[in-house]
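Novice: can't give you the sequence, but here's the structure:
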Ligand SMILES: NC(=O)c1ccc[n+]([C@@H]2O[C@H](COP(=O)([O-])OP(=O)(O)OC[C@H]3O[C@@H](n4cnc5c(N)ncnc54)[C@H](OP(=O)(O)O)[C@@H]3O)[C@@H](O)[C@H]2O)c1
């Protein structure tokens, strides 16, 4: 099939494009920059230069590629101050609202038969009541921390727009927290370095449950969704949802660092805001049973325990 990947040069895009090509697809990869065209060619894609926030440029690029499938992997996460979550996610939120809408209308104009978009299973996106591990049937958090309201609203917009597009097979992949090459959880990268330097404290009881996913496994699940996904939501996470109180010390040990500092919630709130405290103490994990069952996908890194060491 002809597959148009928006976000082809990013952490997930760079894993996804070569796998789509290896699966026999003709891939058109979008970037804002002329200078990244050669990177896309090396990955095996036809480069398409367009700004996702400009509806005319998106319509033109999609119109030229005439894809059968669009994959939306647009984010702009960069450096973050957890106390100003929505401020630092503002551009990502625009990519999830306006960016989604532009891609959907461009896709409708050429009649794409599948539209696969990046959703979120991590950072407290799921409702924070009930059990520790959520399925796709569980709702997103209706009462997010105040600093995350716009971010959750943007995620909700993306999901409703994609699932509501009845003219195509709209699929949302709620990815767990990425680790591995090209992500911030990799050797020498931001999160690993914070843990190594004991600057990633354990807040409160560390009872927030995280679901991780190796970025290569996320890409494999996405190839399966492009191929035979059905309209709906899939959690794309590993087999091992885990409280912060367990993974953070384990990661410190793997990195040869001292145990993380423990701080009470009110101290955590001072440097990480309510959003940070929610993630550390109250977030819920996700189950991958549906993705395994319906996409026929298995993570090659079923647990972060070995995966972190490999990364
Ligand atoms: N589930 C998760 O845990 C998760 C999800 C997403 C990201 N992350 C993490 O966030 C970190 C960085 O991610 P990131 O979002 O900053 O960058 P990224 O990984 O570089 O991906 C951003 C992608 O979106 C594209 N893009 C952004 N704005 C665009 C626009 N206006 N028009 C066209 N394309 C646009 C970029 O293309 P060009 O720059 O080539 O134009 C790039 O391909 C990584 O550590 C990653 O692991 C984690």
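Specialist: Yes, it's here. Because the structure is predicted, anything quoted here is derived from the model rather than measured.

Novice: contacts and neighbour counts: CA atoms only from here.
Specialist: Fine.

Novice: Enumerate the residues of the stretch 1-150 of the chain near the ligand.
Specialist: 7-11, 31-33, 50-53, 74-78 (Cα under 6 Å from any ligand atom).

Novice: now residue 285, which residues is it bridged with?
Specialist: residue 133 (DSSP bridges).

Novice: Near it, how many other residues are there?
Specialist: 29 (other Cα atoms under 10 Å).

Novice: Run through the helices of the stretch 51-200 of the chain in chain order.
Specialist: Ranges of helices in the stretch 51-200 of the chain, per DSSP state H, counting those that start in this stretch, are 55-65, 85-88, 90-94, 100-110, 149-163, 190-196.

Novice: Now that we have these, can you turn them into CSV and tack on mean pLDDT?
Specialist: Below are the helices of the stretch 51-200 of the chain laid out as CSV (pLDDT from 0 to 100):
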stretch, mean pLDDT
helix 55-65, 98
helix 85-88, 95
helix 90-94, 98
helix 100-110, 98
helix 149-163, 98
helix 190-196, 88
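
Novice: As TSV, the ones you listed with mean neighbour count and distance to residue 124 would be great.
Specialist: Formatted as TSV, those follow (neighbours: other Cα atoms under 10 Å; distance: least, Cα to Cα, whole Å):
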stretch	mean neighbour count	distance to residue 124
helix 55-65	19	31
helix 85-88	20	12
helix 90-94	20	16
helix 100-110	20	22
helix 149-163	20	9
helix 190-196	19	18
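
Novice: Just the buried residues of stretch 260-276, please?
Specialist: For stretch 260-276, burial by neighbour count (16 or more other Cα atoms under 10 Å) applies to 260, 262, 265, 268, 269, 272, 273, 274, 275, 276.

Novice: before we move on, the earlier item: now intersect the residues of the stretch 1-150 of the chain next to the ligand with the strands, please.
Specialist: The strands, defined by DSSP state E, take in residue 31 from these.

Novice: In ChimeraX, select just the buried ones from the residues of the stretch 1-150 of the chain next to the ligand.
Specialist: The ChimeraX selection below is limited to those of these classed as buried (16+ other Cα under 10 Å):
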select :7,8,9,10,11,31,50,51,52,53,74,75
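
Novice: follow-up on the earlier one: need the helices of the stretch 51-200 of the chain in JSON lines (columns: distance to residue 305).
Specialist: Output for the helices of the stretch 51-200 of the chain, formatted as JSON lines (distance: least, Cα to Cα, whole Å):
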{"stretch": "helix 55-65", "distance to residue 305": "40"}
{"stretch": "helix 85-88", "distance to residue 305": "28"}
{"stretch": "helix 90-94", "distance to residue 305": "29"}
{"stretch": "helix 100-110", "distance to residue 305": "34"}
{"stretch": "helix 149-163", "distance to residue 305": "28"}
{"stretch": "helix 190-196", "distance to residue 305": "14"}
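
Novice: which stretch among those helices comes nearest residue 245?
Specialist: Of all the helices of the stretch 51-200 of the chain, helix 190-196 sits nearest to residue 245, with 13.2 Å by Cα to Cα.

Novice: Against which helices or strands is that closest one packed?
Specialist: Counting contacts by 3 or more Cα pairs under 8 Å, 6 or more residues apart in numbering; DSSP states H and E, helix 190-196 is packed against helix 244-254.

Novice: quick one: the next helix or strand after the helix it packs on to chain centroid distance?
Specialist: As assigned by DSSP states H and E, the chain's next helix or strand after helix 244-254 is strand 262-263. Strand 262-263 sits 28 Å away from the centroid of its parent chain (Cα atoms, centre = their mean, to the nearest Å).

Novice: Show me what strand 262-263 pairs with in its sheet, parallel or antiparallel.
Specialist: strand 202-203 (parallel).

Novice: any idea of the mean pLDDT in the strand it pairs with?
Specialist: The average of the pLDDT scores along strand 202-203 is 96.

Novice: Make 23 the starting number, not 1.
Specialist: Will do, 23 is the new start, and the previous item becomes strand 224-225.

Novice: Identify the residues contacting that strand?
Specialist: 266-267, 270, 282-287, 290, 299, 302-303 (Cα atoms under 8 Å, 6 or more residues apart in numbering).

Novice: how about a cut-off of 7 Å?
Specialist: If you take Cα atoms under 7 Å, 6 or more residues apart in numbering as the criterion, strand 224-225 is touched by 267, 282, 283, 284, 285, 286, 287, 290, 299, 302, 303.

Novice: Skipping its backbone neighbours, what lies nearest the first one in space?
Specialist: Okay, so that is residue 267. residue 228 (4.4 Å; Cα to Cα, 6 or more residues apart in numbering).
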